[in-house]
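Student: can't give you the sequence, but here's the structure:
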């Protein structure tokens, strides 16, 4: 195929989840020609890679893009996953974004003897000056190699879990105590299952405190702006839930409901799973995180003279559960009636289609705020890409704005054709001001 037959665009965006939709909006606002390719449907992971009862963990007034509010959802309610997916479709339609669905990108390579890149896709090749990898970090389900597939227990990742009826009869071990793990464990217990929940290090903010949602508190206290996780907390998850109207996660209450808590799953042999001795420490650390946020919130209210109702009961903890005081360190799965394991253990990245020198030895992007070490390549949708809020819907929108600014800057340099320093300052490449952050938007 000759170069004249290859479709060309200035920017190719791969992926049309929340990251790709946000990127397309900002490129469109700048009049930058681009194409967004999505192998399935817009926001597909919200549809087919999450459990049936999933809702957003933040309220609808906050977990959205600035250009469109949720309709049919109370601003303080938590949108169901189907409504979230539909929201991004509505957003794409409203801004007339050039998204092509059902197109798979198989490879992207640097063009030979010319600037830019060549993408091989199921709909034919595309040449682009810039490439934005907007597939995010939640690509391949990560299951620790602890329990072999022939161990006689049904194993499934949280991305493949849909509902309790999907699992064989019997008890369930849920590994992972972030938002996914605690919500799935709670749903399984409510369905009548015996449930064991393996709890690792976690933060657990209050879903609401003194009349305000946790997203508001993290905003006014400046915590969304943290540029990196605290040292030693890189793999700490957040235990928060919008399920059942939204509530603060308390592992004591989960235990009182009938869920057996254990420490981190560490080893398996001869049908026996062994757990760490860290259960009490992990819960205590989560409590400290929770109480410190309450302290900061109280201080903020007093400092600013806000009339918000006091909530002393938020600091009242129940007694230590027996399973925490005397933790189970070994569990014979068959003897305990455990027939299924749900691994709520996160994801690994997969940029195998992007064949450029932009990754470390573990396959993770080498980048700064999404700007790759490979000129012309950008990444979007990475946790902590610019701040703690990067993983949230509103956060990825602001990250996309920054990347659109960077692409516009590079376009200015490419457009310059003079052979000396221009006398007219207006002919210099544009350097947009840093994007403003709006927590409520």
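Tutor: All right, it came through fine. Every value quoted in this text rests on a predicted model; they were computed, and no experiment measured them. Numbers count the residues shown, from 1 in each chain.

Student: quick check: longest helix of this protein.
Tutor: helix 279-304 (DSSP state H).

Student: same question for that one, mean pLDDT?
Tutor: Helix 279-304 shows a mean pLDDT of 97.

Student: ditto for stretch 216-231
Tutor: Mean predicted confidence for stretch 216-231 is 87.

Student: circling back to that earlier point, by contact count, what packs against the longest helix of the chain?
Tutor: Applying 3 or more CB pairs under 8 Å, 6 or more residues apart in numbering; DSSP states H and E, one finds that helix 279-304 contacts strand 202-203, strand 208-209, helix 214-220, strand 260-262, helix 322-325. C-betas here are computed from N, CA, C, even on glycine.

Student: now that helix: how far from the chain's centre is it?
Tutor: Here helix 279-304 shows a centroid-to-chain-centroid distance of 23 Å under the convention CA atoms, centre = their mean, to the nearest Å.

Student: residues of it that come out buried?
Tutor: Of all the residues in helix 279-304, those buried under the rule 16 or more other CB atoms under 10 Å are 279-280, 282-283, 285-286, 289-290, 293-294, 297-298, 300-301.

Student: now swap in stretch 119-138 and tell me
Tutor: For stretch 119-138, burial by neighbour count (16+ other CB under 10 Å) applies to 119, 121, 126-138.

Student: swap in stretch 11-25?
Tutor: For stretch 11-25, burial by neighbour count (16+ other CB under 10 Å) applies to 11-25.

Student: do the same with stretch 394-410
Tutor: 394-408, 410.

Student: equivalent analysis for stretch 238-247, please.
Tutor: Within stretch 238-247, the residues that qualify as buried are 238, 239, 240, 241, 242, 243, 246, counting by 16+ other CB under 10 Å.

Student: quick check: which ranges of this protein have low pLDDT?
Tutor: 1-4, 230-236, 418-441 (pLDDT under 70).

Student: change it to 50
Tutor: For the chain, applying pLDDT under 50 flags the ranges 1-3, 420-441.

Student: name the residues that touch stretch 180-190?
Tutor: Applying CB atoms under 8 Å, 6 or more residues apart in numbering, the set of residues contacting stretch 180-190 from outside is 51, 53-54, 158, 161, 163-164, 167, 172, 174-175, 195, 197, 237, 239, 241, 243, 249, 254, 257-259, 342, 344.

Student: what about stretch 160-167, start to end distance?
Tutor: Its start and end residues considered, stretch 160-167 measures 11 Å (CA to CA, to the nearest Å).

Student: equivalent analysis for stretch 106-114, please.
Tutor: Stretch 106-114 has an end-to-end distance of 21 Å (CA to CA).

Student: how about stretch 263-271?
Tutor: Its first and final residues considered, stretch 263-271 spans 18 Å by CA to CA.

Student: could you list the residues in contact with that stretch?
Tutor: Contact partners of stretch 263-271, identified using CB under 8 Å, 6+ apart, comprise 144, 146-148, 151-152, 173, 175, 198-200, 273-279, 282, 327, 329, 332-334.

Student: still on that earlier bit, of the buried residues of stretch 238-247, which is the nearest to residue 323?
Tutor: Relative to residue 323, the closest of these is residue 239; by CB to CB it sits at 16.9 Å.

Student: for that closest one, what are its contacts?
Tutor: Listed by CB under 8 Å, 6+ apart, the contact set of residue 239 reads 177, 178, 179, 182, 202, 203, 204, 249, 251, 286.

Student: got the residues you listed as CSV, with distance to residue 362 columns?
Tutor: Formatted as CSV, those follow (distance: CB to CB, whole Å):
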residue, distance to residue 362
177, 24
178, 21
179, 24
182, 28
202, 23
203, 24
204, 29
249, 30
251, 31
286, 28
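
Student: return the closest of the residues you listed with respect to residue 307.
Tutor: The shortest gap between residue 307 and any of these belongs to residue 204, at 27.0 Å (CB to CB).

Student: the closest one: how many residues sit nearby?
Tutor: For residue 204, the neighbour count with other CB atoms under 10 Å is 25.

Student: residues in contact with it?
Tutor: 238, 239, 240, 248, 249, 250, 286, 287, 289, 290.

Student: please apply the same query to residue 254.
Tutor: Each residue near residue 254 by CB under 8 Å, 6+ apart is listed here: 182, 185, 186, 189, 197, 261.

Student: in the stretch 301-441 of the chain, which spans are strands?
Tutor: Along the stretch 301-441 of the chain, the segments classed as strands by DSSP state E, counting those that start in this stretch run 330-332, 338-343, 347-348, 367-368, 371-372, 377-379.

Student: so which elements touch the third one?
Tutor: Other helices and strands packing on strand 347-348, by 3+ CB pairs under 8 Å, 6+ apart, are strand 140-141.

Student: distance of residue 120 from residue 354?
Tutor: To residue 354, residue 120 is 12 Å away according to CB to CB, to the nearest Å.

Student: shared neighbours, the two?
Tutor: Shared between the contact lists of residue 120 and residue 354 (criterion: CB under 8 Å, 6+ apart) are residues 107, 108.

Student: does residue 261 touch residue 280 like I think?
Tutor: No - contact criterion CB atoms under 8 Å: residue 261 and residue 280 do not qualify, at 9.6 Å.

Student: what sits in contact with each of the two?
Tutor: If you check residue 261 and residue 280 against CB under 8 Å, 6+ apart, the residues they both contact are 324, 327.

Student: quick one: the helices in the chain?
Tutor: 18-29, 44-48, 81-94, 179-190, 214-220, 251-256, 279-304, 322-325, 393-415.
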